[in-house]
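Q: 3D, please:
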Amino acid sequence: MDYVITCGDEGVQVNAGTRLGIVGAGFQLDGFKEVLKYLRKSLGTDEIRIAGSAENDWMKKELKLDTWEQVDASTQQHIAAIADEHDLLYAGFLPFADPRQLKHDIKGHMVRPKKVHVANGISFTLGGGEQIYHLGRYVISAEWIGAAPEKLAKQVLEEQVAFYTKVAGGQKLLRFFEEEGEMDPAVIKKNKKRLEKLGLI
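A: Okay, here's the model as predicted:
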């Protein structure tokens, strides 16, 4: 499977490759290094790609930037640096344009309106990335949570939920989960139980 970490922004659409949604593609997310360790273990692969995406709200907040042009330029630099630091394959940048062929067999683009968020829900992927495009939902990768310490899972998932809730103007976001994927059904079941225990669905 060509797994690719992207931001969980509802506008990201991966046409070739399997998306793992992590806010800001992991940029300055506390616990990201540990998440990668458990994600690789759960997916059974060390070969994971990473891609930046346009209008990255998390990047704008973390870097205190003013314009989306600044954000897009910074995103490409910082996501490439993350790839180098964590031994990920840097696929490139997903723009507001027709689907773009990136490196390492990844293809995709941004499909929400520019400068507008339309999501009313959050989807947690439990079995091996996004299998069907989750239109109108933020995506959070939870394939790793059953193998990780509960404290880490709670911290990382709750921070993402809180951020997306803020981006959505404070409205309560509906919660969904996706169990499809290539992972062992026993692992998927464990991930779902952990998600339920954390009170996130």
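Q: SS state for residue 103?
A: Per DSSP: H, G, I helix; E, B strand; the rest coil, the local secondary structure of residue 103 is coil.
Q: Using the three-state scheme, assign the closest residue to it other than its chain neighbours.
A: Once flanking residues are discounted, residue 103 sits nearest to residue 91: 5.0 Å by C-beta to C-beta, 6 or more residues apart in numbering. Bear in mind the C-beta positions are built from the backbone N, C-alpha and C, glycine included. On the three-state scheme (three-state DSSP), residue 91 is labelled strand.
Q: from memory residue 91 sits against residue 53, does it?
A: No: with contacts counted by C-beta atoms under 8 Å, residue 91 stays clear of residue 53, the gap being 10.7 Å.
Q: can you map out the helices along this structure?
A: With DSSP state H as the definition, the chain shows helices at residue ranges 32-43, 57-63, 68-86, 150-167, 185-197.
Q: Distance check, residue 87 against residue 49.
A: As judged by C-beta to C-beta, to the nearest Å, residue 87 and residue 49 stand 11 Å apart.
Q: Which one's more surrounded, those two?
A: Neighbour count, other C-beta atoms under 10 Å: between residue 87 and residue 49, residue 49 has more, with 25 against 11.
Q: Contact partners for that one?
A: When contacts are counted by C-beta atoms under 8 Å, 6 or more residues apart in numbering, residue 49 touches 2, 3, 4, 5, 17, 88, 89, 90, 91, 104, 106.
Q: can you do 6 Å?
A: 4, 89, 91, 104, 106 (C-beta atoms under 6 Å, 6 or more residues apart in numbering).
Q: how near is the third one to residue 25?
A: According to C-beta to C-beta, residue 91 and residue 25 sit 10 Å apart.
Q: between those two, which one's more packed in?
A: A count of neighbours by other C-beta under 10 Å puts residue 25 above the other of residue 91 and residue 25, at 29 against 26.
Q: Spatially, and excluding backbone neighbours, which residue is closest to residue 63.
A: Leaving aside its chain neighbours, residue 63 sits nearest to residue 74 (5.7 Å; criterion: C-beta to C-beta, 6+ apart).
Q: What are the buried residues along stretch 112-123?
A: By 16 or more other C-beta atoms under 10 Å, the buried positions in stretch 112-123 come out as 112, 117, 119, 121, 122, 123.
Q: cool, and stretch 143-161?
A: Buried residues in stretch 143-161, counting neighbours by 16+ other C-beta under 10 Å, are found at 143-148, 152-154, 156-157, 160-161.
Q: what's it in contact with?
A: With C-beta under 6 Å, 6+ apart, stretch 143-161 has contacts from 23, 31, 34-35, 38-39, 41-42, 140, 190-191, 194, 198, 200.
Q: pLDDT averaged over it - what is it?
A: The average pLDDT within stretch 143-161 is 98.
Q: now do stretch 20-39
A: Stretch 20-39 comes out with an average pLDDT of 98.
Q: what sits up against it?
A: By C-beta under 6 Å, 6+ apart, the surrounding residues in contact with stretch 20-39 are 3, 5-8, 50, 58-59, 62, 78-79, 86, 129, 139-141, 144, 147-148, 152, 155-156, 160, 163.
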